[in-house]
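1. Next comes the sequence, and after it the predicted model I'd like to discuss.
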Amino acid sequence: MMERHTAHGARFRAKPGKAFAVLLLTAHCSLFAASDAHAMHISEGILPVGWVLFWFAVAGPFIAYGLYRLKGRSAADLSFKPLVGLMAAVVFIISCMPVPVITAGTCSHPCGTGMSGVLLGPAISVLVASVALLIQALFLSHGGVTTLGANIVSMGIVGSYTGYIVFRTLRGLRVTIGVAAFVAGLLADWATYLMTSIELAEGIRGNAPFLPLFWKLLVAFVPTQLPIGILEGAMTAGMLVLLHKKRPDLLVRLCIIKSGETCA
């Protein structure tokens, strides 16, 4: 076990065995998911050029702000970058579990960005999601390079900011960490697919009216995304409650709880 000190004097412990296990699990997930990769996220070539450029233009400033925030927080806390890397692996793995939605031309899957948005903040969570989506597009054919901007907007931006805002709002109303994290993970997942339905409907409708196709796509996601959203809420709550019990100091450093706050 390696141990080092951060800029604030806090101790950071790196466990090579656990890190190696994460890498093995990531590799296994990648190989396992590769056979069903053709329709993950919004698939390559679905969106017309105009919408491809538009969604990249929307995603660009959020990515730039995420890089700025990462630089600032990493300079203040040397242990922050390893945590970001770990969360990137978690988001990559969680979003590698596709459930085909044939009628929508894409897949349902958990996203993990609600969890990363709560833990890292939405700006850096967008960056984490962007890296995960880029790797999936380049090496696993999950989603696509041309649809990367649209997928970053739906999964990265909408998922991360929804999870963060919902969690902070509920905590401000004195809701317990477990319940707040569950609702944040649930709504972050559902908001991602609401945005995906908007992106797909606008991109493929041609001269047809927007709303009928939008509702058709949204309803197509319901049978898979309803239970997956509940699962993602449970995963987010489980992670936050576990950290609160085992590593409350970490949540204090991430400004999720105040020092001395011990009850979930």
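-> Yep, that arrived.
2. C-alpha from now on. contacts and neighbour counts both.
-> OK.
3. Surely residue 118 is in contact with residue 166?
-> No. Taking contacts as CA atoms under 8 Å, residue 118 lies outside contact range of residue 166: 9.2 Å.
4. These two: who's more crowded?
-> Taking neighbours as other CA atoms under 10 Å, residue 118 and residue 166 compare with residue 118 leading, 27 against 22.
5. Next, the contact list for the more buried one, please.
-> Neighbour list for residue 118: 160, 163-164, 167, 181, 256 [criterion: CA atoms under 8 Å, 6 or more residues apart in numbering].
6. Same question for stretch 171-187: list its buried residues.
-> 171, 177-187 (16 or more other CA atoms under 10 Å).
7. Residue 195: which of those residues is nearest?
-> For these, the closest approach to residue 195 (CA to CA) belongs to residue 187, at 12.0 Å.
8. sorry, back to before: show me the two of the contacts of residue 118 that sit farthest apart.
-> Greatest spatial distance in the contacts of residue 118: 160 and 256, 15.1 Å, computed using CA to CA.
9. low pLDDT regions in this protein?
-> 1-40, 101-107, 260-264 (pLDDT under 70).
10. Helices of that one, start to end?
-> 16-33, 49-76, 80-94, 113-120, 122-139, 148-151, 159-172, 177-204, 210-246, 248-253 (DSSP state H).
11. Residue 42: which of those is closest?
-> The nearest among the helices of the chain, by CA to CA, is helix 148-151 at 6.5 Å.
12. quick one: residue 73 and residue 80 touch, right?
-> Yes. Between residue 73 and residue 80 there is a contact under CA under 8 Å: 7.0 Å.
13. Now do the contacts for the most centrally placed residue in the chain.
-> Residue closest to the average C-alpha location in the chain (CA atoms, centre = their mean): residue 113, at 1.9 Å. When contacts are counted by CA under 8 Å, 6+ apart, residue 113 touches 91, 125-126, 129, 155-156, 159-160, 163, 185, 188-189.
14. Need the winner for burial among the helices of the chain.
-> When neighbours are counted by mean count of other CA atoms under 10 Å, the highest per-stretch mean among the helices of the chain falls to helix 113-120, a mean of 31.
15. Switch the helices of the chain over to CSV; also include distance to residue 43.
-> Output for the helices of the chain, formatted as CSV (distance: least, CA to CA, whole Å):
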stretch, distance to residue 43
helix 16-33, 15
helix 49-76, 12
helix 80-94, 17
helix 113-120, 20
helix 122-139, 9
helix 148-151, 9
helix 159-172, 19
helix 177-204, 10
helix 210-246, 15
helix 248-253, 36
